[in-house]
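In: This is the structure alone, sequence omitted:
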């Protein structure tokens, strides 16, 4: 165990107790005692029964992970959290795994584990420039017991979702919870890129291994319509990519708001949530990749197979951009939260 690792973990716990965005329900300060090997990561877990204790225990047994916080979430599983602020945009935080995303973004935790019914992991991750992954295969026997219905009438069981600031860390933990083939190279893929108003280019040149097709569609369509379209697309294509955002910045993508009149519906659509709303509902695996633009990223869907999930991560590597150094310096400098103020000044 290195001196620098201990200092880092201690600061993460100090900030967790500070709880600047009221995103934490409970802190486990003795998590540091569970260090058995390096690298070592702190986990934040959404405080919901849909996430089985066995999943967290299995990760802790590996010696590389420890439960650090239980995280707050949007009341009633809502798509926005009116009691929590997005640290980046200043808007209401995207839900429902709101606290889990905030705690990863701030550096309190290295990894967040939440639940996704209609975008509750993917959308908060996009709103805070995080990588995220959902799969209905993670702890399926447990999650399938929780049959739910969305506010717009869609039935579903939630998926477990994982968030991280780094794609490599996300890939590492996914390989522990799923029997995934993390392919060294991309196998032959038939990729569909869907776009709403303006077509955009991707770093995915059509070649012997990847064939790319573009289709314009209405990403603000009802969930029912998007579910029908996306199911049909996944019968023909191996993978679907959309670019979505800025999430909950120009509007709030929340069906409760959109329910109360035409103006409210237009405001909901400006939340810019597309395939994130239905990825889990069609039992797809999905991954988000942040871009350089505010609260915006790629949503990548695939079929639920070991090979296809492996290819999701290979495509994500091609879409990945450099992390924003200013965001890292501003939001993840622990001294900003812990050392400021008159009574924290040290004698010179």
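Out: Received it, and whenever you're ready, just let me know what you need. Model, not experiment: these values are computed from the prediction.
In: Contacts only, for residue 232.
Out: By C-beta atoms under 8 Å, 6 or more residues apart in numbering, the contact set of residue 232 is empty. Every C-beta, even on glycine, is put in place using the N, C-alpha and C of the backbone.
In: Can you give me the separation between it and residue 283?
Out: 14 Å (C-beta to C-beta, to the nearest Å).
In: Same check on residue 8?
Out: In terms of C-beta to C-beta, residue 8 sits 38 Å off from residue 283.
In: Same check on residue 48?
Out: Plainly put, residue 48 is 20 Å away from residue 283 if you go by C-beta to C-beta.
In: try residue 65
Out: Between residue 65 and residue 283 the distance is 27 Å, computed by C-beta to C-beta.
In: Same question for residue 164.
Out: If you measure residue 164 against residue 283 using C-beta to C-beta, the figure is 23 Å.
In: Looking at those two, which one has more neighbours?
Out: residue 164 (23 against 17; other C-beta atoms under 10 Å).
In: so who does residue 277 touch?
Out: With C-beta under 8 Å, 6+ apart, residue 277 has these contacts: 118-119, 123, 223, 226, 253.
In: quick one: which of those residues is nearest residue 217?
Out: residue 226 (8.3 Å; C-beta to C-beta).
In: Three-state assignment for the closest one, please.
Out: Following DSSP: H, G, I helix; E, B strand; the rest coil, residue 226 is assigned to helix.
In: Skipping its backbone neighbours, what lies nearest it in space?
Out: residue 278 (4.8 Å; C-beta to C-beta, 6 or more residues apart in numbering).
In: Equivalent analysis for residue 26, please.
Out: residue 70 (4.3 Å).
In: So that neighbour belongs to a helix, correct?
Out: No - going by three-state DSSP, the assignment for residue 70 is strand, not a helix.
In: Tell me how many other residues crowd it.
Out: So residue 70, with other C-beta under 10 Å, has 18 neighbours.
In: For stretch 234-252, what is the distance to the chain centroid?
Out: 13 Å (C-alpha atoms, centre = their mean, to the nearest Å).
In: what mean pLDDT does that stretch have?
Out: Regarding stretch 234-252, the rounded mean pLDDT is 97.
In: Can you give me the buried ones in that stretch?
Out: Judged by neighbour count using 16 or more other C-beta atoms under 10 Å, the buried positions of stretch 234-252 are 234, 237-249, 251-252.
In: Compute the first-to-last residue distance for that stretch.
Out: In terms of C-alpha to C-alpha, to the nearest Å, the two terminal residues of stretch 234-252 are separated by 28 Å.
In: gap between residue 159 and residue 118?
Out: 10 Å.
In: Where do the strands of the stretch 51-200 of the chain begin and end?
Out: Counting by DSSP state E, counting those that start in this stretch, the stretch 51-200 of the chain has strands at residues 65-71, 80-85, 92-94, 111-116, 131-135, 148-149, 155-156, 159-164, 189-195.
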